[in-house]
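Trainee: quick one: sequence and predicted model below, then my questions.
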Amino acid sequence: MAGSPTARRRRLSIELKKLREKSALTCAQVGEALDWSGSKVNRMETGSGRVQPSDIDALCRFYDTSDELREFLKSLAREAKTRGWWQVHGAGVPEWFNIYIGLEQDASTLRQYQCEVLPGLMQTKAYTRELHTTGAHMSAEDIDRAVRVRLERQEMLSRPDSPDAWFIVHEGAVRNVIGDREIMREQLERVLETTELPSVTLQVLTFDSGTYPVTGSFTMLGFPAPEDPDLVYRDGITDAVYLEGEHHVREYTRAFDGLRAAALSPRRSAQLIKSVVKEHSR
C-alpha cells in the first residue's frame, strides 16, 4: 500500500472509478441508487473531497465487492485523513503543492527537466530562500516554512528506498546568478554532491545543444504499484497541473528522452558545472 496520505487518497479514487466503470454506470446513476448526488460520487472518484469509511461501505455493497476489497478500501479512506509531515507548515506550502509532495514521497522514479532554476531537491538553504524572497509575496515566517519543507524533502534522495531520480537542467539554470556569486558557488557545489548519490543522475542541456523538445519545466513521477499510474506534474505561480492519461505520460516520456539525448553526458555535465564553480571562485 502506498505510504503517504496523498498517495492513499489517489489510490482510493482510482479503485472507486474502476468499480463504477466495471458496472457500466454513470456517477449520476450510482448517486441516484444510493440517494446521493452524482457530484458526490464524482468527488470521491477524483479525490477532491473527503471520503468516509461509511460511504465506502455503502458503495462496495452496491457494487457487490468482496469483503476483503471493501475492508482494504475502507482502510485507505481512514488513512487518507492523516496529515503528512509537510502539511503542518500552513501557508508556507500552497495546497496545490501539498498534493505533489505527498505523491513525490511515494515515487519510485522521478524524471525532471528544469529550464530556469536548479532542481528543488538539490537546492541549498540560501538559494531556496532567495527564490522565495524574490518570487513570491510571502511573510518572513512563511518563507522560513517553505525553505524548511524544501530542505526536508531532499532527505528522500538519501533514503535506502530512494527513487531512481534523473534530472536534466538547462545551462541557463546553471549560469544564472541567483542572489550572488557566493550563493551560486555553494549551490553548484551542492548539485555536484547530490549527483554522487547512487540513485541520482544529472545532465546539462547546453546553449549549443541544437534542436530539442521545447516543453518548459516538468516532472514525471512513477510508482511501484502497477495500480498507481505514472503522472506528469507542471506548476506555475498560483497553481499546478497533474496529467495522468497514457497519452500525456507517453508524450512527456518521449520529450524527456529527446532532452536526454541532446544533453551532455553525466560526466561532461559535471565537468561543465565544475568550470562554472571555478568562475564563481575567482
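Mentor: Great, that's in hand.

Trainee: spit out the contact partners of Leu16.
Mentor: Counting by CB atoms under 8 Å, 6 or more residues apart in numbering, Leu16 touches Met44, Glu45, Val51, Leu59, Leu73. C-beta here means a position set from N, CA and C on the backbone, and glycine is covered the same way.

Trainee: by neighbours, which of the residues you listed wins?
Mentor: Neighbour counts for the contacts of Leu16 were taken using other CB atoms under 10 Å; the highest belongs to Met44, which has 26 neighbours.

Trainee: which residues sit in contact with Phe218?
Mentor: Applying CB under 8 Å, 6+ apart, we find Phe218 in contact with Gln112, Tyr113, Val232, Tyr233, Arg234, Tyr252.

Trainee: tabulate those (TSV), appending pLDDT, neighbour count and distance to Asp144.
Mentor: Formatted as TSV, those follow (pLDDT from 0 to 100; neighbours: other CB atoms under 10 Å; distance: CB to CB, whole Å):
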residue	pLDDT	neighbour count	distance to Asp144
Gln112	98	20	25
Tyr113	98	26	29
Val232	94	22	31
Tyr233	91	20	25
Arg234	92	15	27
Tyr252	96	23	34
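
Trainee: can you tell me which of the contacts of Leu16 lies closest to Pro213?
Mentor: Distances from those to Pro213 were compared by CB to CB; the smallest belongs to Glu45, at 32.5 Å.

Trainee: go through the strand or helix carrying that closest one and flag the buried ones.
Mentor: Glu45 belongs to helix 38-46 when elements are defined using DSSP states H and E. For helix 38-46, the neighbour count (16 or more other CB atoms under 10 Å) marks Lys40, Val41, Asn42, Arg43, Met44, Glu45 as buried.

Trainee: ok, now stretch 246-255?
Mentor: By neighbour count, with 16+ other CB under 10 Å as the criterion, the buried positions of stretch 246-255 are His248, Val249, Tyr252, Ala255.

Trainee: before we move on, the earlier item: redo the contacts of Phe218 as CSV? Include secondary structure and distance to Arg267.
Mentor: Below are these laid out as CSV (DSSP: H, G, I helix; E, B strand; the rest coil; distance: CB to CB, whole Å):
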residue, secondary structure, distance to Arg267
Gln112, strand, 20
Tyr113, strand, 19
Val232, strand, 28
Tyr233, strand, 29
Arg234, strand, 29
Tyr252, helix, 26
